[in-house]
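Q: Give me the fold of what follows.
(chains A and B)
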Amino acid sequence: MSKIAVIDFETTGLSPANGDRATEVAVVIIDENRVIGSYQSLMNAGKRIPAFVQRLTGITDAMIRQAPPSSEVMQELAEFVGDIPFVAHNAAFDSKFIDAEWSRIHHQRSQTFACSLLLSRRLYPNFHNYKLGNLARYLNLPTAERSHRALADAELTAKLIIQIKADLQAKYAIDQVSHEMLCLLQKAPKSRIDEVVQKAQRNLRFCNNRYDHETMK
DNA sequence: TGCCAGGCCCTCTTTAGGGCCTT
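A: Residues are numbered from 1 along each chain as shown, chains lettered A, B, ... in the order given. The predicted model follows:
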């Protein structure tokens, strides 16, 4: 599978364990480095948004009151993404919110997360910092006027992961950067990036060869 | 009243501490 679902949440705070809830979600589906679809919705969890976060995101309590219920949005999201693997910028944040929101509708996540923040730290070790907006500037990625909204940030993260994959392909002369390779790379010690890419490539070739052999039987 | 995230990653480290990143 070459599709990736790039996801971004806006929330009332930093921790679902402290009662914070999602206020908006967006997913951008990319396939072979092309955007092929997207989903975005505000959602009403009945939780007030702190003034600081309202200023940060532009999402107000009034907007949320008119939004569909969280359960309805999260069900739609589950149907939209299916089992396509996820990418997010600082995936630890988005993964804990999607797990918390999906658990409320008794849906369990089956796919893994790759993290564009961890990957950027490894691939671009000399950058000053790794905030999404700054990475976009460093890499000359076109940005939307409005940041800190789910769709704008998901679209920017999609451009970032496409750039990361292109840079990996160019640097290591490889045809394909799988989600599995991204997941391996994001955990690799910085001193062993080359080794991990080569090992992942060998595994991919082994799998492809075995597939070719078995389909020709 | 005061506190309230958590995983990653670097360094003046590893028996720790603090900044980064997400809202």
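Q: now A:Ser15: how far from A:Ile7?
A: 18 Å (CB to CB, to the nearest Å). Every C-beta, even on glycine, is put in place using the N, C-alpha and C of the backbone.
Q: same deal with A:Ile193?
A: Relative to A:Ile7, A:Ile193 is positioned 25 Å away (CB to CB).
Q: So the two - more neighbours on which side?
A: More crowded of A:Ile193 and A:Ile7, by other CB atoms under 10 Å: A:Ile7, with 28 against 17.
Q: got the contact list for that one?
A: A:Val25, A:Ala26, A:Val27, A:Val81, A:Phe86, A:Val87, A:Ala88, A:Asp94, A:Ile98, A:Ala154 (CB atoms under 8 Å, 6 or more residues apart in numbering).
Q: The same query, at a cut-off of 7 Å, please.
A: A:Ile7 makes contact with A:Val25, A:Val27, A:Phe86, A:Ala88, A:Asp94, A:Ile98, A:Ala154, according to CB atoms under 7 Å, 6 or more residues apart in numbering.
Q: can I assume it sits in a strand?
A: Yes - counting by DSSP: H, G, I helix; E, B strand; the rest coil, A:Ile7 is found in a strand.
Q: partner residues bridging it?
A: In this entry, A:Ile7 is beta-bridged to A:Val27, by DSSP bridges.
Q: State the pLDDT value of it.
A: A:Ile7 carries a pLDDT value of 98.
Q: swap in A:Ile193?
A: On the pLDDT scale, A:Ile193 gets 87.
Q: Could I get the phi/psi values of the nearest residue to it once chain neighbours are set aside?
A: In space, and not counting its chain neighbours, A:Ile193 is closest to A:Arg122: 5.6 Å by CB to CB, 6 or more residues apart in numbering. Backbone torsions for A:Arg122, taken as degrees, to the nearest 10, come to phi -80, psi -40.
Q: same question, the one 4 residues further on
A: Phi and psi for A:Asn126, reported as degrees, to the nearest 10, are phi -100, psi 0.
Q: measure it to A:Thr143 for me?
A: Taking CB to CB, one finds A:Asn126 at 21 Å from A:Thr143.
Q: Settle it for me: which of these two has more neighbours?
A: A:Thr143 (16 against 5).
Q: Relative to DNA strand B, how far out is the residue lying closest to that one once chain neighbours are set aside?
A: What sits nearest to A:Thr143 in space, not counting adjacent residues and going by CB to CB, 6+ apart, is A:Ala136, at 4.9 Å. Distance, A:Ala136 to DNA strand B, using CB to the nearest atom of the strand, to the nearest Å: 10 Å.
Q: Next, the contact list for A:Ala136, please.
A: Per CB under 7 Å, 6+ apart, neighbours of A:Ala136: A:Thr143, A:Leu156, A:Leu160.
Q: Done for today, thanks.
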